[in-house]
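*Asks:* Quick one: sequence plus predicted model below, questions after.
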Amino acid sequence: MNKTLRIATRQSPLALWQAEYVQTRLEKLYPNLTVVLVEMSTKGDQILNSPLPKIGGKGLFIKELEVSMMKGMADIAVHSMKDVPYEIPQGFELGAILKRENPFDAFVSNDFSSIDDLPQNAKVGTCSMRRIVQLKAIRPDLKILDLRGNINTRLKKLDEGEFDGIILACAGLIRLGLEDRIKQQISDQQSLPAIGQGAVGIEIRENDTGILKLIKPLIDVETTYRISAERAMNARLEGGCLVPIAGFALVNNEQITLTGLVGNVDTGVILKEQVLGHVSQAETLGVELANKLISLGAKDILKG
Ligand SMILES: NCc1[nH]cc(CCC(=O)O)c1CC(=O)O
């Protein structure tokens with residue numbers, strides 16, 4: 001019997017690419033399944049004249065998709081994991097996390113080859129508090145200017161000369177076929193990636209066992225360990241996009257190394273720590289790292 005599965009998605013080129021990627025994967029797995037996209041705009045897409053932290057943070061890119069699932073208009077929602085708040089609302093759960101793309105930040109410029117190549121007092125565009133605090137640590141002279149909008153909008157503003165360079169995620173550029181715009185892949189030493197950066201997740205209605213079974217083949221185990229550790233740390237720190245928090249996990253031979261960072265844009269203070277352990281303890285390690293950061297003053301740093 002032909003079944004139809006409906007994917008709730010935002011309408012940005014990146015969101016559509018990610019939703020179509022899941023659609024293609026599912027159609028290949030299940031030839032009798034029809035997979036359709038239910039496109040919608042979210043508040044986070046609509047309010048572009050204010051820095052994201054001032055309008056309520058990342059949940060603004062998610063809420064409408066969850067409402068469509070609750071109303072029975074869609075069966076799953078595809079998100080960039082870095083846009084998913086650490087608390088999943090009651091009635092929903094993360095059903096699958098797919099294989100992580102390049103997780104690092106990218107320096108994008110038409111005139112300069114790297115952050116180090118930028119002249120004194122160069123103008124750099126980003127709205128991420130995480131990127132700002134780490135950029136200022138390596139180049140305190142830079143003029144960081146607010147930059148919002150989808151990837152193409154941000155590139156257009158760069159190309160129109162508003163900035164000497166901008167910071168984006170490698171993953172978004174790669175997925176949109178814009179890898180050639182990456183002038184420098186910024187190392188995690190210079191800019192620790194955002195929690196979940198580079199990973200795509202599928203949100204479902206809680207206990208929707210039929211859908212869970214359907215999407216199970218899309219799960220990437222290593223990525224799930226990495227994102228679980230990063231998100232557990234963020235949850236313990238109660239981090240949103242209002243504060244500069246970064247977390248990045250790597251897995252090697254069933255050992256997970258989790259690095260976490262908190263900072264303060266006003267004071268420039270950065271606190272960075274690391275834990276390691278067995279992948280089976282991913283979430284426990286995330287909490288352990290958060291507790292270590294808290295014991296070293298993370299909450300006061302985040303308050304400023
Ligand atoms: N809301 C911004 C956002 N959310 C996810 C990505 C990139 C894709 C990813 O990290 O998976 C981006 C763009 C960026 O940070 O440059």
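*Replies:* Noted; the coordinates are in hand. Residues are numbered from 1 along each chain as shown.

*Asks:* Is the closest residue to V279 other than its chain neighbours in a helix, a strand, or coil?
*Replies:* With C-beta to C-beta, 6 or more residues apart in numbering as the measure, Y225 is the residue that lies nearest to V279, at 4.5 Å, once sequence neighbours are left out. Heads up, the C-betas are built off the backbone N, CA and C, glycines and all. Following DSSP: H, G, I helix; E, B strand; the rest coil, Y225 is assigned to helix.

*Asks:* Quick check: Y225 vs R231, distance?
*Replies:* Y225 sits at a distance of 11 Å from R231 (criterion: C-beta to C-beta, to the nearest Å).

*Asks:* Just want to know which of those two has more residues nearby.
*Replies:* The residue with more neighbours, out of Y225 and R231 and counting by other C-beta atoms under 10 Å, is R231; that gives 27 against 23.

*Asks:* Now the helix or strand hosting T153 - C-alpha only, CSV.
*Replies:* Secondary-structure assignment from DSSP states H and E places T153 in helix 151-159. The C-alpha coordinates for helix 151-159 follow below in CSV (Å, rounded to 0.1, in the frame of the first residue of the first chain):
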residue,chain,number,x,y,z
ILE,A,151,23.2,32.1,3.7
ASN,A,152,22.6,33.7,0.3
THR,A,153,21.5,36.9,1.9
ARG,A,154,24.7,37.1,4.0
LEU,A,155,26.9,36.4,1.0
LYS,A,156,25.0,39.1,-0.9
LYS,A,157,25.7,41.6,1.8
LEU,A,158,29.4,40.6,1.7
ASP,A,159,29.5,40.9,-2.0
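
*Asks:* That helix - contacts with which helices or strands?
*Replies:* Identification of packing neighbours for helix 151-159 by 3 or more C-beta pairs under 8 Å, 6 or more residues apart in numbering; DSSP states H and E yields helix 13-29, strand 123-125, strand 165-169.

*Asks:* most tightly surrounded among those?
*Replies:* Among those, the stretch with the highest mean neighbour count (mean count of other C-beta atoms under 10 Å) is strand 165-169, at a mean of 24.

*Asks:* check whether that one contacts the ligand.
*Replies:* Yes: between strand 165-169 and the ligand, judged by C-beta under 6 Å from any ligand atom, the touching residues are 168-169.
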